[in-house]
Each structure stands twice: as C-alpha cells, then as structure tokens.
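Trainee: Following is a predicted model, sequence given first.
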Amino acid sequence: MIDTMLHKIKPLLWTLLYGFSCSALATSQQLPNFQPLLHFGDNPGDLTASYFQPTKQSKSLVVFLHGCVQQGEALAKQSGFFSLAEQYDFTLLVPQQSKKNNVTSCFNWFSEQDSEKDQGEVLSIKNMILALKAQSKFDHVFIAGLSAGGAMTSALLVHYPELFSAGAVIAGLPYPCANNLAKAISCMRNGPSQSSIELASFARQSNEAIKKWPRLIVITGSKDKVVNPKNSQSLASQWSKLSETALKPSKTSTADYQQSLWQSNEKLAQVKLVEINEMGHGLSVNSSYKNRDASADFLYESSLDSAMDIVSFWGLK
C-alpha cells in the first residue's frame, strides 16, 4: 500500500521540487550539427550524450549539463554555448537525462546512487569526458550546468577536481547539499544546512592530494524562487576556502548585476559570483550576441550574457 501511494505522489513531489509541470517536458529530438556519443564505456546512470566538434582542431572540451524539463542540445543553442563553440573552436559535450530516470528529466543530484563518486550518473558523465579526451587529447576540460545540471556540476567538480580546469554553476547548489528528496527541497528553499567551511572541509577530505582546485564562476538571479540564491553565495564561499593561499575578496556593481571576485596576488580570480538583479530561475542571455533566445523557458534577457561571461572567465575567448 505504501509503495503504491508513493508511486502515485512521486510526480507531484517532482513538480513541487522543481516548480515545473510534467506536461512541459521538451522532446529529445536530435538537432543539426551535433553527433551522438555512442560508446563511452560503463554507463550506470543510463544517460545519453551528443557532442559538437568544430572544423578546426580544438584544444578544449566544454561539458554542458541542462536543467529540468530541458533538452540539452536545444539549451546549448538557445543559451549561446553552441555559437561560442563554433566561434572559439572548443568541443561541446551535452549529456542528456531521460524521463525514465527522472520524471522531469532532472539530473539526480540529490540521489546518493547517482551523485556519489564513481556511481550512477556522475560516473556516466565522467566516462563520457574520458572517452572524448582519449579521442581528441584536449589540453583543458571545463564544465557548466544550469539548475539541476548546476548541482550535478558541483558534485563532479568536488569528486574529480583533477579532471577540470574550471567550472560554472548557474542557478545551482553546492555539493553535498542533500542526499534525499526532503533535504533537496529544504536546500533549494533555504540554502544548505552546512556552513561554507564545512562544505570546503568535505571537499578537501575527499581530495587530500589536490593542491590546485578548478576555478569557478557562479551565476544566480536575485529573484530566484526555485533555488534560493543563498545556495550560490554558499557555493562561491565554499570554493574560495579551498585555495591554499588566502584570496582577496572584492565587489563591484552595475545597474543590472553585482560581481564578487576572490583572487590571489596574481590578480587572476579563482572564484567569481555574479548576482543578476530581478532575475528569476534560469540563465541570462544578451540578445545583442547572435544565436541567443530570450523567449525560451528559463532564459532571461540581460546585459550580462551568461555563456559569454563564463567563456571569458575560463579564458577561452
């Protein structure tokens, strides 16, 4: 009886958790210019993936993780990441979640069987990256994610810091923020229960040999009602505390957003937090750049273009 009741209310819980209607799920049709990644080793998370390879030989791989109810290839094009891959000659890898894994096609960032190191979806994504690295010998690997994809990006950066040069988390959460559905709802609404010091300590204990952590840019909307912006603030603070040397914080403001930097004496920012005024849950685009679609779900018009800002922070421009 309990199992039957849980089965019936799960879709309602997912809708509550992410604020999305299951009827809004996007179709997963293949878009032009991407090719499927068919063979990448073990796939315990049962994910699929596609990638774009520029005509010019690329030295960098960018992994882009979509949010709930989204189709990864479409989001890559709507947000500008695909256009930037063409412009700056980086390979773009787009893992894709399915409804059979999650009723709203969210990456299962709060499920231990999918978010812990070398398990489930985390391991599937790692194997995708290693397969493409073996094929193309990239000098650098970067990872970005939106919402649930951002939370999964946090997990991958903590588990495999040696794999990435830098990351970007948009409207996401720090890892480990939750290991079950109830904690996930609480974390999304209120921010993590752990302090940034505790979060940093967890990451260090899991990676005692790591001396140089990936650089990180975090982007959030000040009016995000799905994922409390406290999560982005906590994530940036967590990452600033992972540096071996003390980082100097600074903050600047424009009419549209605030930007906080944590940087060393070399003036290179190790961590960047961007808080966009009046923006809800999603990713900002500046339509003055080509191939941006502010009319798409969870994309917002802004003077700050998230994809361009991320690629600039990573040094890919």
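Mentor: Structure received. Treat the numbers as computed from the prediction; the structure is a model and nothing was measured. Residues are numbered from 1 along each chain as shown.

Trainee: now the strands for the protein?
Mentor: Across the chain, reading from the start of the chain, the strands by DSSP state E fall at 35-36, 48-52, 60-65, 91-96, 140-146, 166-170, 215-221, 248-253, 257-263, 269-276, 283-285, 299-301.

Trainee: JSON lines for those strands, including mean pLDDT and distance to E208?
Mentor: In this view, the C-beta of every residue, glycine as well, is placed from N, C-alpha and C. As requested, these are exported to JSON lines (pLDDT from 0 to 100; distance: least, Cβ to Cβ, whole Å):
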{"stretch": "strand 35-36", "mean pLDDT": "94", "distance to E208": "38"}
{"stretch": "strand 48-52", "mean pLDDT": "97", "distance to E208": "31"}
{"stretch": "strand 60-65", "mean pLDDT": "98", "distance to E208": "25"}
{"stretch": "strand 91-96", "mean pLDDT": "98", "distance to E208": "28"}
{"stretch": "strand 140-146", "mean pLDDT": "98", "distance to E208": "22"}
{"stretch": "strand 166-170", "mean pLDDT": "98", "distance to E208": "20"}
{"stretch": "strand 215-221", "mean pLDDT": "98", "distance to E208": "20"}
{"stretch": "strand 248-253", "mean pLDDT": "94", "distance to E208": "26"}
{"stretch": "strand 257-263", "mean pLDDT": "96", "distance to E208": "22"}
{"stretch": "strand 269-276", "mean pLDDT": "97", "distance to E208": "20"}
{"stretch": "strand 283-285", "mean pLDDT": "98", "distance to E208": "34"}
{"stretch": "strand 299-301", "mean pLDDT": "98", "distance to E208": "40"}
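
Trainee: how about those in a markdown table, adding mean neighbour count?
Mentor: Below are the strands of the chain laid out as a markdown table (neighbours: other Cβ atoms under 10 Å):
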| stretch | mean neighbour count |
| --- | --- |
| strand 35-36 | 10 |
| strand 48-52 | 21 |
| strand 60-65 | 27 |
| strand 91-96 | 24 |
| strand 140-146 | 25 |
| strand 166-170 | 28 |
| strand 215-221 | 26 |
| strand 248-253 | 11 |
| strand 257-263 | 20 |
| strand 269-276 | 23 |
| strand 283-285 | 27 |
| strand 299-301 | 18 |
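
Trainee: Throw the ones you listed into JSON lines and include distance to P229, thanks.
Mentor: As requested, those are exported to JSON lines (distance: least, Cβ to Cβ, whole Å):
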{"stretch": "strand 35-36", "distance to P229": "36"}
{"stretch": "strand 48-52", "distance to P229": "30"}
{"stretch": "strand 60-65", "distance to P229": "20"}
{"stretch": "strand 91-96", "distance to P229": "26"}
{"stretch": "strand 140-146", "distance to P229": "15"}
{"stretch": "strand 166-170", "distance to P229": "12"}
{"stretch": "strand 215-221", "distance to P229": "5"}
{"stretch": "strand 248-253", "distance to P229": "15"}
{"stretch": "strand 257-263", "distance to P229": "11"}
{"stretch": "strand 269-276", "distance to P229": "7"}
{"stretch": "strand 283-285", "distance to P229": "14"}
{"stretch": "strand 299-301", "distance to P229": "14"}
